[in-house]
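>>> dropping the sequence and predicted coords here.
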Amino acid sequence: MNESDAAPRRQRLTRAEAKARTRDQLLDAAARTFARKGYAGASVEEIAESAGYSIGALYSNFAGKEQLFLELMAARGERRVTAVAEVLGTGDPVDALAGLLERADGPDPDMVALRAEFWLYAVRNPEAMQALRVQQRQQADALIGVISAAMERWGTPPGVPPAEVAAVVLAMFQGLVRQRRIDPDRVSVDLFAQGLRWLFSGLGSAPPGVER
């Protein structure tokens, strides 16, 4: 066999690779469809067509719309944790945390709608809420190292739990992302960094009579 005959064989996907690619393409199509039409308005037929597959191909990979949606939630949650870890890898801890807002301030309106759809679905479905709870804990855990470094740099006294500070930072971040989408002129990218400085400087000084 010459080299030109071997090249096409190297490019062929294995059965497992082909199945993984099909699932990824169906999940991407589901993300677009759910973002545009919501969970209730989206149909499996439309998702399959958008991905370029038959409805049979969709059902050979997912039990139905609910499983597809839950797996989409899990996949997007893993991506967010990975993105958080990448942003927090280097540099000043406050600047690293502040970079999360700039990273989240992307041009993709589908992602904003999809996150809102995840939340609405989870509020109505305990199984989905549990999945969302796991995702949020993973995101908070990914912040703990850089938050501990920031607390040390700002002289936070011992006894302040980094995990609880991480929960506050995550809530601040999520709230500012939403407010910035509504009114970007009022919520600048720099506001998150300033809010973090207020938070970490305040951790070192509690009002008289208030326990830290």
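Perfect, thanks for sending it. Numbers count the residues shown, from 1 in each chain.

>>> spit out the contact partners of the residue nearest the centre of the chain.
Centrality entry for the chain: nearest residue to the mean C-alpha point is residue 80, 3.1 Å, by Cα atoms, centre = their mean. Shown in contact with residue 80 (Cβ atoms under 8 Å, 6 or more residues apart in numbering): 135, 139. (Glycine included, C-beta is placed from N, CA and C.)

>>> and it, how far from residue 44?
25 Å (Cβ to Cβ, to the nearest Å).

>>> and residue 156, backbone torsions?
phi -70, psi 130 (degrees, to the nearest 10).

>>> ok, now which ones touch the nearest residue to it once chain neighbours are set aside?
Among residues not flanking residue 156 along the chain, residue 203 sits closest, at 4.5 Å (Cβ to Cβ, 6 or more residues apart in numbering). By Cβ under 8 Å, 6+ apart, residue 203 lies in contact with 151, 154, 156-157, 160, 165, 212.

>>> hmm, who's touching stretch 46-60?
Residues outside stretch 46-60 that contact it (Cβ under 8 Å, 6+ apart): 22, 25-26, 28-30, 32-33, 37, 44-45, 65, 68.

>>> quick one: end-to-end distance for that stretch.
Using Cα to Cα, to the nearest Å, the end-to-end distance of stretch 46-60 comes to 16 Å.

>>> so which bits of that stretch are buried?
Across stretch 46-60, burial judged by 16 or more other Cβ atoms under 10 Å covers 46-48, 50-51, 53, 57-58.

>>> mind picking the two most distant members of the residues you listed?
46 and 57 (14.0 Å; Cβ to Cβ).

>>> low-confidence stretches in this protein?
1-11, 87, 89-91, 105-109, 205-212 (pLDDT under 70).
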